[in-house]
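*Asks:* model this:
(one chain, ligands or ions: 2)
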Amino acid sequence: MNLLETVNLKRYFGDTRAVDDVNLTIADGEFISLVGPNGAGKTSLCNVVSGLLTSDSGKIIFKGHDVTHAAVTARVRAGIARSFQLVNLFDDLSAFDNVALAVFSREGKIRNMAALAHLDHDVIVEADNVLGQFGLAGKRNETARDLAQGERKLLDVALAYALRPKLLFLDEPTSGVSTRDKGQIMDTIASVVRGEGITAVIIEHDMDVVFKYSNRIVVMHQGAILAQGTPDAIRNNDQVAMILLGSSGPDAFTRKD
Ligand SMILES: Nc1ncnc2c1ncn2[C@@H]1O[C@H](COP(=O)(O)OP(=O)(O)OP(=O)(O)O)[C@@H](O)[C@H]1O
Ligand SMILES: [Mg+2]
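*Replies:* Ligands and ions are numbered 1, 2, ... in the order given. Just a heads-up that it's a prediction; the model follows:
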């Protein structure tokens, strides 16, 4: 059985076809990169599947259940979580408190911020474990605002991971960081995701990163899926090269400028 299936999924903004008749199936354990030029609809698709945006029509089937009209919280409980293109942290709280809040929210324990003063032992242990898995143990007590950009991106992923998803959408987890930090962030994410058997969909512009880490690449253009396949198949797809890089030919993906 597919983990996720979207059926003729659509979401328009006026005349803009942000998500246009998308039929996407995702199997358990895949590590998928979702790519496409700016405005292709990647974030919108992620928003519709995770419930931040309603769909205009079509269906979203997760683990065999129709979640098309389910609330975000119900989708999180079912096992869908996502991180954000622009990180979504509590800037005034420490790295630890950010993760602890995510653990709390998953358990449905959080009623108000005062609950943080009464963290139970299990939450503390789990939040520290999550920070450790993402290499952020040394930053435990630092205020989120003071973290480096790469650390903020990782912390945002850690918050989504702390919801214990089966399917994790990561919206540009390496945007705005140096090439060297990108590798470290992706190695960390890949190791956690694979180690825990989580199915991941990563939205990413850097094709070096995409080719290195994905089992499958899905290419979006103008709201629709233009192509999908293995890294090799996509690397040799001239139409994809033209759409992504504005040039055709086999050297398009290795061009550096
Ligand atoms: N809230 C909104 N209101 C109106 N139009 C929107 C809204 N969100 C997205 N769009 C439009 O929908 C289209 C798809 O946008 P989306 O953000 O999903 O693209 P993307 O592939 O994530 O792009 P990027 O790589 O720049 O993040 C774009 O034309 C965008 O302007
Ligand atoms: Mg986007």
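
*Asks:* Using the three-state scheme, assign the nearest residue to L159 once chain neighbours are set aside.
*Replies:* Once flanking residues are discounted, L159 sits nearest to A102: 4.3 Å by CB to CB, 6 or more residues apart in numbering. C-beta coordinates here come from the backbone N, C-alpha and C atoms, glycine included. Secondary structure, DSSP: H, G, I helix; E, B strand; the rest coil: A102 is helix.

*Asks:* Also V19?
*Replies:* Once three-state DSSP is applied, V19 turns out strand.

*Asks:* Kindly report the same for the one 4 residues further on.
*Replies:* Remark: N23 carries the secondary structure label strand [criterion: three-state DSSP].

*Asks:* For it, which residues are in contact?
*Replies:* The neighbours of N23, taking CB atoms under 8 Å, 6 or more residues apart in numbering as the test, are 5-9, 225.

*Asks:* and with 7 Å instead?
*Replies:* 6-8 (CB atoms under 7 Å, 6 or more residues apart in numbering).

*Asks:* Quickly note the distance from it to G195.
*Replies:* 31 Å (CB to CB, to the nearest Å).

*Asks:* Secondary structure for the contacts of N23 - can I get that in TSV?
*Replies:* Output for these, formatted as TSV (three-state DSSP):
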residue	secondary structure
T6	strand
V7	strand
N8	strand
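
*Asks:* and which of those is nearest S33?
*Replies:* Among the contacts of N23, T6 lies closest to S33 (CB to CB), at 16.9 Å.

*Asks:* My guess is that closest one contacts L24. True?
*Replies:* Yes - under the criterion of CB atoms under 7 Å, T6 makes contact with L24 at 4.7 Å.

*Asks:* For the protein, which residues are neighbours of ligand 2?
*Replies:* By CB under 5 Å from the ion, the part of the chain that sits against ligand 2 consists of 42-43, 85.

*Asks:* burial of the residue in the stretch 1-150 of the chain positioned nearest to ligand 2, as a residue count?
*Replies:* At 3.1 Å from ligand 2, T43 is the closest residue in the stretch 1-150 of the chain, using CB to the ion. T43 is flanked by 20 other residues according to other CB atoms under 10 Å.

*Asks:* Isn't it up against L170?
*Replies:* No - assessed by CB under 7 Å, T43 is found out of contact with L170, at 11.4 Å.

*Asks:* any idea whether S55 is helix, strand or coil?
*Replies:* Under three-state DSSP, S55 falls in the coil class.

*Asks:* mind listing what it touches?
*Replies:* Taking CB under 7 Å, 6+ apart as the test, what S55 contacts is 9-11, 48, 68.

*Asks:* Quickly name whichever of those residues is closest to ligand 1.
*Replies:* Closest to ligand 1 out of the contacts of S55 is R11 (8.4 Å), distances taken as CB to the nearest ligand atom.

*Asks:* give me the beta-bridge partners of the closest one?
*Replies:* Assessed by DSSP bridges, R11 has beta-bridge partners V19.

*Asks:* so which helix or strand takes in S44?
*Replies:* Using DSSP states H and E, S44 sits within helix 42-50.

*Asks:* can you list contacts of the next helix-or-strand element following that helix?
*Replies:* The helix or strand immediately downstream of helix 42-50 is strand 57-62, counting by DSSP H and E. Contact with strand 57-62 is made by 4-10, 49, 66-68, 78, 80, as judged by CB under 7 Å, 6+ apart.

*Asks:* Report the angle between strand 57-62 and helix 42-50.
*Replies:* Between strand 57-62 and helix 42-50, the angle comes out at 70 degrees (axes from the mean of the first three to the mean of the last three CA atoms, to 10 degrees).
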